[in-house]
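Engineer: just to be clear, the model below is a prediction. Sequence and coordinates:
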Amino acid sequence: MDKHKAIPQGYMTVGEIAKKMDVTVRTLQHYDTQGLLSPSAMSEGGRRLYTDKDIVKLHQVLSLKHLGFSLNDIKNRLIPLDTPAEIADILMEQAAALRQKIESLSESLRELEVLREEVLQMQSVDFKKYADIIVNLQMKNDFYWLIKHFDDQTLDHIRSHFDKDSGMAFMNTFMQLQNEAIRLQNANVPADSDEGQNFAKAYWDMITDFTGGDMSMLPRLIALGQFQNTDHKWQEVQTIANGYVEQALGVYFSRLGVDPFQRGSEEETE
């Protein structure tokens with residue numbers, strides 16, 4: 001009883017205001033130490049005491065915090081402002097920041113949903129592949145789904161030889177050459193023509209860029225367009241492209257008098 005008599009009329013303890021405003025005592029103590037909401041008085045026993053005026057100020061702080069403002073923003077950017085125009089500008093900045101967060105969260109949600117589908121399609125748990133898929137989703141690489149078809153050696157090779165930029169550049173080159181192969185095929189351009197052989201050289205340059213001289217990677221790169229259980233349209237496109245690629249490279253290597261594919265197969269089986 002003596003404890004309650006020590007509280008002057010019109011004042012509330014930190015516990016009472018915390019219950020009234022649905023916050024924790026620790027939160028109010030933190031606001032006090034940050035100089036954001038100091039109690040109006042202290043009891044003889046050193047307890048924080050608050051008034052209705054403090055409740056109004058706390059309501060303001062909680063409302064602004066709900067809008068995403070940090071305590072530092074509220075204390076140092078908002079409260080010192082004097083004009084509606086200044087406050088409106090800060091609110092506009094905060095709205096822009098929240099839109100960016102929403103976009104980021106929406107993208108994270110999309111990536112989660114896509115990764116879930118990829119995980120269900122994979123035959124085993126592989127967090128390395130999960131991480132690679134996430135990175136490629138962040139890169140906006142539409143071919144992220146190919147990753148689940150690669151074996152560990154291929155993925156280790158890709159990780160050690162390519163960063164985000166060079167990896168994306170390689171994939172763009174690959175798709176451009178695949179599209180060019182389809183164009184040449186549909187236009188009935190002979191594989192042994194100058195145009196066909198210029199294509200073959202560009203395609204082989206891409207392959208050597210990928211392998212980095214490691215010929216054992218050749219069969220794995222060739223398999224890029226031959227994965228099973230992939231999108232039907234992808235398989236159809238790659239079948240057409242690979243048909244022309246094989247013809248063009250066959251002529252190209254025949255003229256050079258080499259057979260790198262056989263060499264790659266031998267290294268693969270050693």
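Structural biologist: Great, that's in hand. Numbering: from 1, shown residues only.

Engineer: CA atoms for contacts and neighbours, from now on please.
Structural biologist: Fine.

Engineer: what ranges in the stretch 51-200 of the chain fall below the confidence cut-off?
Structural biologist: Applying pLDDT under 70 to the stretch 51-200 of the chain flags no residue at all.

Engineer: now do 80
Structural biologist: For the stretch 51-200 of the chain, the stretches with pLDDT under 80 are 143.

Engineer: show me where it has helices.
Structural biologist: All helices of the stretch 51-200 of the chain, identified by DSSP state H, counting those that start in this stretch, fall at 52-66, 71-73, 84-121, 127-138, 152-161, 164-186, 194-211.

Engineer: tell me, how many residues neighbour the nearest residue to residue 69 once chain neighbours are set aside?
Structural biologist: Using CA to CA, 6 or more residues apart in numbering and skipping residues adjacent in sequence, the residue nearest residue 69 is residue 94, 7.3 Å away. Around residue 94 there are 15 other residues, counting by other CA atoms under 10 Å.

Engineer: residue 109 too?
Structural biologist: 12.

Engineer: related to what we said a few turns ago, for the residue nearest to residue 69, list the residues it contacts.
Structural biologist: For residue 94, the contact set (CA atoms under 8 Å, 6 or more residues apart in numbering) comprises 67, 68, 69.

Engineer: ok, it to residue 252 distance?
Structural biologist: Distance from residue 94 to residue 252, counting by CA to CA, to the nearest Å: 60 Å.

Engineer: ok, residue 106 next?
Structural biologist: Going from residue 106 to residue 252 by CA to CA gives 48 Å.

Engineer: the two: which is more packed in?
Structural biologist: More crowded of residue 106 and residue 252, by other CA under 10 Å: residue 252, with 22 against 12.

Engineer: residue 178 versus the residue nearest the centre of the chain, what's the distance?
Structural biologist: In the chain, the C-alpha nearest the mean C-alpha coordinate belongs to residue 138, at 3.2 Å (CA atoms, centre = their mean). As judged by CA to CA, residue 138 and residue 178 stand 24 Å apart.

Engineer: about what we covered before: which among the contacts of residue 94 count as buried?
Structural biologist: By neighbour count, with 16 or more other CA atoms under 10 Å, the contacts of residue 94 hold residue 69 as buried.

Engineer: and of the contacts of residue 94, the nearest to residue 145?
Structural biologist: Nearest to residue 145, judged by CA to CA, of those is residue 68 at 35.8 Å.

Engineer: was I right to think that closest one contacts residue 96?
Structural biologist: No - contact criterion CA atoms under 8 Å: residue 68 and residue 96 do not qualify, at 11.2 Å.

Engineer: could I get the helices of the stretch 51-200 of the chain as TSV with distance to residue 44?
Structural biologist: Listed next are those as TSV, based on distance: least, CA to CA, whole Å:
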stretch	distance to residue 44
helix 52-66	19
helix 71-73	30
helix 84-121	39
helix 127-138	59
helix 152-161	67
helix 164-186	64
helix 194-211	77
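
Engineer: distance of residue 151 relative to residue 115?
Structural biologist: According to CA to CA, residue 151 stands 18 Å off from residue 115.

Engineer: looking at the two, which one has more neighbours?
Structural biologist: Remark: of residue 151 and residue 115, residue 115 carries more neighbours, 19 against 11, as counted by other CA under 10 Å.

Engineer: quick check, the more buried one in contact with residue 133.
Structural biologist: Yes - assessed by CA under 8 Å, residue 115 is found in contact with residue 133 at 7.2 Å.

Engineer: let me see the domain layout of this structure.
Structural biologist: 2-80, 81-145, 162-269 (automatic domain parsing).

Engineer: can you list those in JSON lines and add distance to residue 156?
Structural biologist: Below are the domains of the chain laid out as JSON lines (distance: least, CA to CA, whole Å):
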{"stretch": "domain 2-80", "distance to residue 156": "42"}
{"stretch": "domain 81-145", "distance to residue 156": "10"}
{"stretch": "domain 162-269", "distance to residue 156": "10"}
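
Engineer: what about residue 66, neighbour count?
Structural biologist: By other CA under 10 Å, 10 other residues sit near residue 66.

Engineer: and it, how close does it get to residue 245?
Structural biologist: 59 Å.

Engineer: kindly report the same for residue 64.
Structural biologist: Between residue 64 and residue 245 the distance, using CA to CA, works out to 62 Å.
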